[in-house]
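Trainee: model this:
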Amino acid sequence: MNDLQLTLLIVGGGGIAAMIAYNWWQDYRLRKQASERFGETDQDPLLNTGSVKSGFERTEPGFSGSQDFAPSTEFDESSLEASFDAPQNDSHLQNEPQMTIDKRLFADFIIRFDEEKDANTWKTLVDGLEQINRKRIIYSASPDTAESAEILWFKASPYSGTAKSLKASVQIANRKGPLSSIEFSEVLGKFKRFAEDQNADIEFPEMKEVVAKAETLDQAAAALDTLLGLHCLLPETVQESTAVDMLAVAGWVQKGHQWFLSDESGTLASMVIHNAPGKRLLSFSIDVPNSAEPIKALGDIVTVCHGMNEKFGAPLMDDSGRTLSTQAIEGIYNQLIERVRNLTDSGFKPGAPVARILFS
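Mentor: Numbers count the residues shown, from 1 in each chain. The predicted structure follows:
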């Protein structure tokens with residue numbers, strides 16, 4: 001072996017050793033970052049469930065198929081209740097306290113002014129950036145510098161008096177999907193420009209952490225999301241006015257081309273009448289996470305359709321057009337009860353503010 005071969009061998013061996021050492025260092029560094037962010041457990045960092053499969057795809061809500069989901073109590077409806085216990089300055093008593101923002105649903109961007117500002121300062125920003133891809137942005141103002149966790153925030157619009165801090169809470173997930181890095185960058189760019197114009201400082205979270213959290217939340221929500229559709233097929237000989245009268249007696253109220261079943265908590269279910277040659281279809285829908293009483297709504301739908309079936313021979317069908325037997329309806333009840341239980345145990349009680357925000 002001559003000197004050239006020996007030199008090449010040493011150089012090649014050194015290069016391989018350096019590559020192995022670099023790869024080991026990269027693996028160690030990434031594992032350390034993951035450990036610091038999520039801890040040493042294999043549990044999901046947001047919902048304490050098993051790790052989500054990487055091939056998970058968001059699907060339309062429904063009862064077809066099944067998805068395993070270990071419920072969590074981390075989402076707490078009470079976290080959305082407004083807090084009035086903090087001391088208030090007399091000059092701000094006329095302002096409305098902001099509800100406590102659930103940090104698991106929102107990412108906070110805080111702008112601190114060098115000097116006190118009034119509502120005209122942020123009016124253009126608030127009016128022009130109310131949402132990003134249907135995800136809400138909630139603005140709060142405070143006469144304090146927002147350096148304490150116990151600071152009392154007021155709704156930024158309308159707002160009387162002056163403020164030293166403005167907070168923008170950006171929703172990180174809804175039915176449109178998770179907050180993406182592009183959406184994060186877009187809102188951050190606008191907040192930064194506003195802060196620069198006002199000679200203010202801005203505090204914002206790490207984009208990668210927010211996006212990862214949003215994706216985890218979105219996958220968990222997709223596993224819980226449920227939209228139940230049922231249909232009552234009326235013969236064409238039955239006048240629409242006759243069906244309308246029966247719906248009104250059962251408590252359904254018409255608004256535009258839709259009908260709604262509601263109570264003091266809000267909408268429980270909706271219905272649309274489709275007219276086609278030879279038949280008239282009443283299509284009922286229960287948006288389970290947004291309905292305060294989805295099980296009651298199902299019972300009311302079954303009752304009104306049973307009455308129409310007895311009187312006109314109008315069968316109750318599922319989305320596939322199959323006539324539902326008593327046993328099938330009982331199966332739907334059981335599945336719905338299970339979905340409601342999973343939502344409630346996870347902190348997304350159907351009809352609660354936290355559920356209506358996430359499943360908007």
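Trainee: and stretch 284-298, what's its mean pLDDT?
Mentor: Average pLDDT, stretch 284-298: 94.
Trainee: repeat that for stretch 103-114.
Mentor: 93.
Trainee: likewise for stretch 234-245?
Mentor: Across stretch 234-245, pLDDT averages out at 84.
Trainee: which residue packs closest to residue 307, ignoring adjacent ones?
Mentor: Sequence neighbours aside, residue 246 is the residue nearest to residue 307 in space, at 6.6 Å (criterion: CB to CB, 6 or more residues apart in numbering). Any C-beta I mention is one placed from the backbone N, CA and C, and that applies to glycine too.
Trainee: what about residue 284, how many residues nearby?
Mentor: 24 (other CB atoms under 10 Å).
Trainee: pretty sure it contacts residue 269?
Mentor: Yes - judged on CB atoms under 8 Å, residue 284 makes contact with residue 269 at a distance of 6.1 Å.
Trainee: shared neighbours of these two, anything?
Mentor: Residues within reach of residue 284 and of residue 269 at once, by CB atoms under 8 Å, 6 or more residues apart in numbering, are residue 301.
Trainee: name the element the residue nearest to residue 307 belongs to?
Mentor: Using DSSP states H and E, residue 246 maps to helix 240-249.
Trainee: give the other helices and strands that that helix contacts.
Mentor: Using 3 or more CB pairs under 8 Å, 6 or more residues apart in numbering; DSSP states H and E, the elements in contact with helix 240-249 are strand 266-276, strand 279-287, helix 294-312.
Trainee: now these in JSON lines, with distance to residue 161?
Mentor: Output for the helices and strands packed on helix 240-249, formatted as JSON lines (distance: least, CB to CB, whole Å):
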{"stretch": "strand 266-276", "distance to residue 161": "33"}
{"stretch": "strand 279-287", "distance to residue 161": "40"}
{"stretch": "helix 294-312", "distance to residue 161": "43"}
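Trainee: which of those is buried the deepest?
Mentor: strand 279-287 (a mean of 20; mean count of other CB atoms under 10 Å).
Trainee: may I have that one as PDB, with CA atoms only?
Mentor: Coordinates of the C-alpha atoms in strand 279-287 are reproduced here as PDB (Å, rounded to 0.1, in the frame of the first residue of the first chain):
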ATOM      1  CA  LYS A 279     -91.600  12.300  -3.400                       C
ATOM      2  CA  ARG A 280     -90.900  14.900  -0.800                       C
ATOM      3  CA  LEU A 281     -87.800  14.400   1.400                       C
ATOM      4  CA  LEU A 282     -87.400  15.900   4.900                       C
ATOM      5  CA  SER A 283     -83.700  15.900   5.700                       C
ATOM      6  CA  PHE A 284     -82.900  16.200   9.400                       C
ATOM      7  CA  SER A 285     -79.400  17.000  10.700                       C
ATOM      8  CA  ILE A 286     -77.900  17.000  14.200                       C
ATOM      9  CA  ASP A 287     -74.500  18.800  14.600                       C
END
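Trainee: what does it rub up against?
Mentor: 227-236, 238, 240, 243, 267-275, 294, 297-298, 301, 305, 308, 314, 359.
Trainee: and with 6 Å instead?
Mentor: With contact meaning CB atoms under 6 Å, 6 or more residues apart in numbering, strand 279-287 is reached by 227-234, 236, 269-274, 294, 297, 301.
Trainee: what's around the residue nearest to residue 125 when sequence neighbours are not counted, how many residues?
Mentor: Using CB to CB, 6+ apart and skipping the chain neighbours, the partner closest in space to residue 125 is residue 194 (5.1 Å). Per other CB under 10 Å, the neighbour tally for residue 194 reads 20.
Trainee: what score does residue 194 have for pLDDT?
Mentor: If you check residue 194, the pLDDT there is 94.
Trainee: does it touch residue 126 like I think?
Mentor: No - between residue 194 and residue 126 there is no contact under CB atoms under 6 Å: 10.1 Å.
Trainee: now do residue 314 against residue 239, distance only.
Mentor: Using CB to CB, to the nearest Å, residue 314 is found at 13 Å from residue 239.
Trainee: which of those two has more neighbours?
Mentor: Shown here are residue 314 and residue 239; by other CB under 10 Å, residue 314 has more neighbours (23 against 11).
Trainee: what about the residue nearest to residue 269 when sequence neighbours are not counted, distance to residue 256?
Mentor: Spatial nearest neighbour of residue 269, chain neighbours left out: residue 297 (4.1 Å); criterion: CB to CB, 6+ apart. With distances taken as CB to CB, residue 297 is found 20 Å from residue 256.
Trainee: before we move on, the earlier item: phi, psi for the residue nearest to residue 125 please.
Mentor: Dihedral angles of residue 194 (phi, psi; degrees, to the nearest 10) stand at phi -60, psi -40.
Trainee: excluding covalently adjacent residues, which one is nearest to residue 288?
Mentor: Residue 288 sits nearest to residue 226 (CB to CB, 6+ apart), 4.0 Å away.
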